[in-house]
Structure formats: C-alpha cells, structure tokens
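Novice: make a model of this:
(one chain, ligands or ions: 2)
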Amino acid sequence: MSNKYTEIVTWSERLACGIKLIDDQHKGLVELVNDMFNHATGNSIQEHDYFNIVIQEVVKYVKVHFATEEKIMIATKFSGYAEHKKAHDSFVLAVVDNINDYKAGNRLTLSTFTKFLKEWILSHIAMMDKQYFEYFRKIATRKEDGKLSITSADIR
Ligand SMILES: [Fe+2]
Ligand SMILES: [Fe+2]
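Specialist: Ligands and ions are numbered 1, 2, ... in the order given. Reported below is the predicted structural model:
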C-alpha cells in the first residue's frame, strides 16, 4: 500500500489530563486534525467534498467537548470558568467565520483551515485546559479499572 499517513499532531502525555473522558475527547480532536491534514491533497474538488463532511464532524465534536468541560466546571465551581467559556465561544465564532469564508470563495484552503485548528487546539489544551487538569483530578475518583474518571456522581 502506498497510502502515506502523516501526523501533524502527535498525542503525547504532555497533553494528558489523566481523566479518561477528557483525554479521549482531546485525542479525538487530534485525530480529526490529522485526518484533515491527510485529506489536504491540493485537489480542490476532492477537498471540497471532504470539507463538507468533515466540518460537520468538527463542529459536532467541538460542541460536545466544550459542553463536557463547561458542565464539569460549572458543577465543580471551577474559578476559571468564565474566562474559559469566553475562549471556547470565541473559537466557535472563528470556526464559523472560517467555514463561511471557505464556502464563499475558497480564500481558505483545507490546509490553512487544518493548521488553524491545529494551532488553536494545541495552544488551548496547553494553556487553558491545563489550568483545570489538577483541579479536575482532585475531584475525580479512581475507578476499579485504575483510571481516573469523572462521573455524574462525582460532580453532584
Ligand atoms: Fe477547553
Ligand atoms: Fe479541551
């Protein structure tokens, strides 16, 4: 097989929170970015078809992920909630802007959109999400599978 799969983002423990729910969602975002990167072939017809499909997935995924973080922050009275929510909201607006640009006139290519997502996700996890890692870990409980997790029982 000559299919070459390149990772522009490699998941590393530096990005890990230690809570499975959060880490799985972050890994999913990294996978999406890598998938997009590998579909940036420069063939605008192919890219356009792919974009229309993947963008729905990105929006859905990001919404679920942000809602997960925000729900836990609210339930646990995390002090950085307001600032964090602002960062999430402005990212959603930027994504919508990018989608509109892309659909309107291809000013943006799949490759530049992918890079934008990559930069944002990496810096958001490293700078904003990291601020709650320790806090969330404290309220998480160690389950019998040996992994830290947060369930509805922990955030009641
Ligand atoms: Fe976040
Ligand atoms: Fe996050």
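Novice: which stretches of this structure have low pLDDT?
Specialist: Residue ranges of the chain with pLDDT under 70: 1-3, 106-107, 141-148, 152-156.
Novice: buried residues, the longest helix along it. List them.
Specialist: The residue-count maximum for a helix in the chain (DSSP state H) belongs to helix 44-75. By 16 or more other Cβ atoms under 10 Å, the buried positions in helix 44-75 come out as 47, 50-51, 54-55, 58, 62, 65-66, 69-70, 72-73. C-beta coordinates here come from the backbone N, C-alpha and C atoms, glycine included.
Novice: show me what it is packed up against.
Specialist: Where contact means 3 or more Cβ pairs under 8 Å, 6 or more residues apart in numbering; DSSP states H and E, helix 44-75 is packed against helix 20-39, helix 81-105, helix 110-123, helix 130-139.
Novice: buried stuff in the longest one?
Specialist: Put plainly, it is helix 81-105. Those would be 81, 84, 87-88, 91, 95, 98-99, 102, for helix 81-105 by 16+ other Cβ under 10 Å.
Novice: I'd assumed H39 was in contact with Y50.
Specialist: Yes. Y50 lies in contact with H39 (Cβ atoms under 8 Å); the separation is 4.6 Å.
Novice: report the contact partners of the closest residue to F113 other than its chain neighbours.
Specialist: Closest residue to F113 in three dimensions, ignoring its sequence neighbours and counting by Cβ to Cβ, 6 or more residues apart in numbering: N98, at 5.7 Å. Shown in contact with N98 (Cβ atoms under 8 Å, 6 or more residues apart in numbering): 108, 113, 116.
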